[in-house]
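Q: when you get a sec, could you give me coordinates for this:
(chains A and B)
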Amino acid sequence: MNLQNPKKFKMMIDQAHDVAINVLRPISRKYDKAEHAYPKELDMLASLIDGMNEGGEGINAGAAVGKKRGEVETGNKNGNNISTALGVIEMCYGDAGMMLTMPRQGLGNSAIAAVANDEQLERFKNTWAAMAITEPGCGSDSAAIRTTATKDGDEYIINGEKIFVTCGERADSVVVWATLDKKLGRAAIKSFVVPKGTPGMKVERLEYKLGIKVSDTAVISFIDCRVPAANLLGNPEIDVAKGFAGVMETFDNTRPLVAAMAIGCAKASLERIKEIFKDQLDADYKTPYLQASNLAAQIYRMEAEWEAARLLTLKACWMADNRKPNSKEASIAKAKAGRVGNEITLKCVELAASMGYNEDELLEKWARDSKILDIFEGTQQIQQLIIARRELGKSSSELK
Amino acid sequence: MTSMINKAQGLGLSLITKLAGSDVLDQLKLRKFVEKSLYQGSKAGFKALSQTQKAFKPKQISQQRLPQQQKTLFDLSLTEEQQMTSDAMSQFAQEVLLGLAHDADQTAQFPESLWQYVEDLGLNYYALPEALGGVATEQNIVSNLLIAEKLAEGDFSLTAGLLSTFSVINAITRWGSAEVQSMYLPCFAEDSDITATFAVQEATPAFNPYVLKTKASLENDQFYIDGEKTLVILGDLADVFLVSADFNDKPDIFVVQCNDSISIKNTPAMGLKATETATLRFNHTPALRLGATDFDYTAFLDLGNLMWCAMAVGTCDAVKAYCIKYANERTAFGEPISHRQSVAFMIADMAIEIDAMRMLVLNAASLAESGKPFHREAYLARLLCAEKSMKIGTDGVQILGGHGFTKEHPVERWYRDLRATAILHSGLHA
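A: This next block holds a predicted model:
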């Protein structure tokens, strides 16, 4: 039993921490102000990260999770899922929005890594892929997707509208969720890689948001947009028995990463607030909780919650690395980190008062950024539903 | 190493055989409990300890310290031995403790039949070093906490009582001077009837374990203890006490034998009833200082707090399991109440926070047994467990509604017991 970060990832974590402090933080406020401007500073960083990943043990921001290929190892394994989460925590400690808009590290890349066949993996290996799931009429209820994909010879014709596409304008391609047959429900939902510039695909507009402003959020329309049939990720057959499982499996790997983002963002606030109040805090934790000042007690409490969220996230990742089924644990990590991350960043603004609320500090920015982390990749309430159904042994038609 | 595994497996197997063949709830014994409780209820005020003084025959041994463990990768898997122990403790909790808990709480009596189980379970042997006939070859803090967690799935108070002697042996093995170890460890190894407990809590509001009213004094190379301790578990049954006291303006721990300078008063509390909580008054009681030069009072407290935390995790698991069953069976407005998000989400939150507590406890424990600093982690674990376990305790009653408020269901007992998690500092030891 050991819950400490594995030593073999120490260098990677240190590198990511350096990037956070020296590359991301200095431009954090600049792009919070200049919403929709492209953070060109990240191009060089992304190339550097690509180079490190060629060598094996580099930082990555999501593209590597979901890889289930390679030889089966026996014994305890600390692999891609843990190392990615540890890297993501540090990057988001720098700036969560920037991590979301890191070239070639999109959520679409995770989907490709998880479900693509070998030919597709090779063909899409250098693409920067965004992920398009949500529609104006369907958010959490992703089974209600209305975007259609109709087979026509060796092509699919895609029609529909997607919203909330992170990196939708900047990415090289978009992984689009569409249904082959609305009548067949979830089983008929497939994902397609649509390269930028494909006729019929158009970025309609970019959203103005509460936080993570550096990351562009696009509305994309598909009007008779034709893609090669070979761009359908995974199995083209509609397997009603297996249902939605194939598409949802990606979430078991990506939810812990969003949890890691929340942990990184909250780490920034928590560290800053401890610095601000260092004279009021007992560095050795020698003062019992009941004897601590109200201020100190609130900070210790946040720290306990933060550690819990962090360890639950590593647990979900560790299970994925060791190929243990982790749907419930992934949801537990996402639920806990989402709520705790938001609570901590908001509380830190409150404790620092006007100093926290003013734009001179980044505390107010982190408190805005953290909100989305309790929403996307499954809201707090969706995670609770998933966990409750598992615990109670209920189906989605019983526990709605 | 192999001898340890053989012994451990032997204990596990003998336990399972015992469980299969035992008729725990035999009627005669139950009647005896009720009679005893009526007698107990009529007692009031301080009296002499009823335990007769045991003669401890010291046997000279060299100072024992268990080696630390080495760790590299992140790893949540249990060793084969830990899995076996956990399974056996879970089974014991479900088949024995759960059945005894209601009456033990009601009569405020620790069931006598349980003492045989302490022996059968071989609990004390998990704590004793191999050199003294035990099975411990290295520090097994994670394993000790797993034992506590699994037992507490059966009952919180009974687990506290079952583990008090085990805890004292752990503390003496970890901290004891050669003199203290020579005096007590061989006796624990040879005589399974010796019971021991902690007297560390004081009746001070917002009690701070670093500021003690109980004083130790040194006269002619002999320590003496003066003061009062409360919430002492099984205080009237113990032969040996570990007592915290202020010595030269510093908190320290002393070992005291049951004798007539100690008086006792039954002090029933909100919960922990089965442990027969008592207040002890030490009147110039002769004592030995527990620790050698490596004694660390903070770590002593932390290793106690972690036990209560682990027990809170186990009992919260019991609350959750009970609520799941109830919410699925109880119907309102034509369907099970578990079909309502307001109920289902309370259960989801229980699952989230139980796992959260468990992670913090295991993290602190795994650091501790590998010899790393773990005070921060133990501090945060206690803080989280104190808050979350009480939340789960109160939600457990809430889900059952009015039924949860009655003694028909165990949730009100768990509610009272879980309140103790935030109150106790030390009192057990991993």
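Q: for chain A, which segments are assigned as helices?
A: A:10-19, A:25-33, A:41-54, A:80-100, A:107-115, A:118-123, A:245-276, A:294-321, A:327-352, A:354-357, A:363-373, A:380-392 (DSSP state H).
Q: what's the closest non-adjacent residue to the residue of the stretch 101-250 of chain A found nearest chain B?
A: Nearest residue of the stretch 101-250 of chain A to chain B (Cβ to the nearest Cβ) works out as residue A:140 at 13.2 Å. Just so you know, the C-beta spots here come from the backbone N, C-alpha and C atoms, and that holds for glycine as well. Excluding the flanking residues, the one nearest residue A:140 by Cβ to Cβ, 6 or more residues apart in numbering or on different chains is residue A:382, at 4.9 Å.
Q: out of the helices of chain A, which comes closest to residue A:226?
A: Closest approach to residue A:226 among the helices of chain A (Cβ to Cβ): helix A:118-123, 17.2 Å.
Q: quick one: low-confidence parts of the chain?
A: If you meant another chain, say so; for now it's chain A. Along chain A, segments meeting pLDDT under 70 span A:53-58, A:60-73, A:241-248.
Q: right idea, wrong chain: chain B
A: B:1-45, B:50, B:52.
Q: remind me, longest helix of it?
A: helix B:297-329.
Q: tell me how many other residues surround the residue of the stretch 101-250 of chain A closest to chain B.
A: 13 (other Cβ atoms under 10 Å in any protein chain shown).
Q: which residue is the nearest non-sequential neighbour of the most centrally placed residue in chain A?
A: Chain A has residue A:258 as the residue nearest its centroid, 3.6 Å off, counting by Cα atoms, centre = their mean. Leaving aside its sequence neighbours, residue A:258 sits nearest to residue A:377 (Cβ to Cβ, 6+ apart; 4.3 Å).
Q: that neighbour against residue A:335, yeah?
A: No: if you go by Cβ atoms under 8 Å, residue A:377 and residue A:335 don't touch, sitting 11.3 Å apart.
Q: give me the more crowded residue out of the two.
A: More crowded of residue A:377 and residue A:335, by other Cβ under 10 Å: residue A:335, with 29 against 24.
Q: any idea where the strands of the stretch 1-150 of chain B begin and end?
A: With strands called from DSSP state E, counting those that start in this stretch, the stretch 1-150 of chain B shows them at B:47-48.
Q: now the residue of chain B most remote from its centre: phi and psi?
A: Of all residues in chain B, residue B:334 has its C-alpha farthest from the mean position, at 43.4 Å, by Cα atoms, centre = their mean. Dihedral pair for residue B:334: phi 90, psi 0, per degrees, to the nearest 10.
Q: likewise the one 10 residues further on?
A: Note on residue B:344: its backbone torsions stand at phi -60, psi -40 [degrees, to the nearest 10].
Q: then residue A:236?
A: Taking degrees, to the nearest 10 as the convention, residue A:236 sits at phi -80, psi -10.
Q: contacts only, for it.
A: A:190, A:229 (Cβ atoms under 8 Å, 6 or more residues apart in numbering or on different chains).
Q: now it: how far from residue A:200?
A: 20 Å (Cβ to Cβ, to the nearest Å).
Q: what's the answer for residue A:155, then?
A: 11 Å.
Q: now for these two: what residues contact both?
A: residue A:226.
Q: where exactly do the strands run in the stretch 251-400 of chain B?
A: All strands of the stretch 251-400 of chain B, identified by DSSP E, counting those that start in this stretch, fall at B:262-266, B:278-289, B:331-332, B:335-336.
Q: out of these, nearest to chain A?
A: By Cβ to the nearest Cβ (comparing all of the strands of the stretch 251-400 of chain B), the closest turns out to be strand B:335-336, at 8.1 Å.
Q: list the strands paired with that closest one, with their directions.
A: Each strand paired with strand B:335-336, and its direction, by DSSP bridges: strand B:331-332 (antiparallel).
Q: can you give the contact residues for the strand it pairs with?
A: Contacts of strand B:331-332 (Cβ under 8 Å, 6+ apart): residue B:337.
Q: residue A:360: how many residues sit nearby?
A: 11.
Q: in terms of residue numbering, what are the domains of the chain?
A: The chain I'm using is chain A. For chain A, the structural domains run A:7-113, A:128-233, A:245-392, going by automatic domain parsing.
Q: that was the other one, I meant chain B.
A: Split by automatic domain parsing, chain B gives B:2-19+B:31-194, B:199-289, B:297-422.
Q: let me know whether the shortest one sits next to chain A.
A: Yes: for a cut-off given as Cβ under 8 Å from any Cβ of the partner chain, domain B:199-289 has contacts with chain A, namely B:206-210.
Q: ok so, going back, give me phi/psi at the residue of the stretch 101-250 of chain A closest to chain B?
A: Per degrees, to the nearest 10, the backbone of residue A:140 is at phi -60, psi -30.
Q: which ones are touching it?
A: Shown in contact with residue A:140 (Cβ under 8 Å, 6+ apart): A:378-379, A:381-382.
Q: residue B:350 reaches residue B:321, doesn't it?
A: No: between residue B:350 and residue B:321 there is no contact under Cβ under 8 Å: 9.8 Å.
Q: contacting residues around residue B:267?
A: B:230-231, B:277-279.
Q: 6 Å instead?
A: B:230, B:277-279 (Cβ atoms under 6 Å, 6 or more residues apart in numbering or on different chains).
Q: distance of the one residue sitting closest to the centre of chain B from residue B:234?
A: In chain B, the residue lying closest to the centroid (Cα atoms, centre = their mean) is residue B:160, at 3.3 Å. According to Cβ to Cβ, residue B:160 and residue B:234 sit 9 Å apart.
Q: can I assume residue B:347 is in contact with residue A:393?
A: No: judged on Cβ atoms under 6 Å, residue B:347 makes no contact with residue A:393 at a distance of 11.2 Å.
Q: what is the burial count for the residue lying closest to residue B:391 once chain neighbours are set aside?
A: By the measure of Cβ to Cβ, 6+ apart, the closest residue to residue B:391 outside its immediate chain neighbours is residue B:353, 6.9 Å from it. Applying other Cβ under 10 Å, we find 25 other residues in the vicinity of residue B:353.
Q: pull up the gap between residue B:353 and residue B:396, please.
A: In terms of Cβ to Cβ, residue B:353 sits 12 Å off from residue B:396.
Q: looks to me like residue B:218 is in a strand.
A: Yes: judged by DSSP: H, G, I helix; E, B strand; the rest coil, residue B:218 forms part of a strand.
Q: for chain A, what are the nearby residues on the stretch 1-150 of chain B?
A: B:71, B:73-76, B:142 (Cβ under 6 Å from any Cβ of the partner chain).
Q: which neighbours do residue B:160 and residue B:234 share?
A: residue B:275.
Q: residues near residue B:193, how many?
A: Residue B:193 has 10 nearby residues by other Cβ under 10 Å.
Q: hmm, residue B:232 is touching residue B:201, no?
A: No: counting by Cβ under 6 Å, residue B:232 stays clear of residue B:201, with 7.4 Å between them.
Q: comparing these two, which residue is more hemmed in?
A: Using other Cβ under 10 Å, the more surrounded residue of residue B:232 and residue B:201 is residue B:232, with 25 against 21.
Q: how close does the residue nearest to residue B:316 when sequence neighbours are not counted sit to residue B:76?
A: The shortest distance from residue B:316 to any non-neighbouring residue, by Cβ to Cβ, 6+ apart, is to residue B:392 (4.4 Å). As judged by Cβ to Cβ, residue B:392 and residue B:76 stand 22 Å apart.
Q: look at those two and report which has more neighbours.
A: Legend: neighbour count by other Cβ under 10 Å for residue B:392 and residue B:76, higher for residue B:392 (28 against 19).
Q: quick one, what contacts that one?
A: Counting by Cβ under 6 Å, 6+ apart, the residues that residue B:392 touches are B:316, B:319, B:350.
Q: residues near the second one, how many?
A: So the one you mean is residue B:319. By other Cβ under 10 Å, neighbour count at residue B:319 equals 26.
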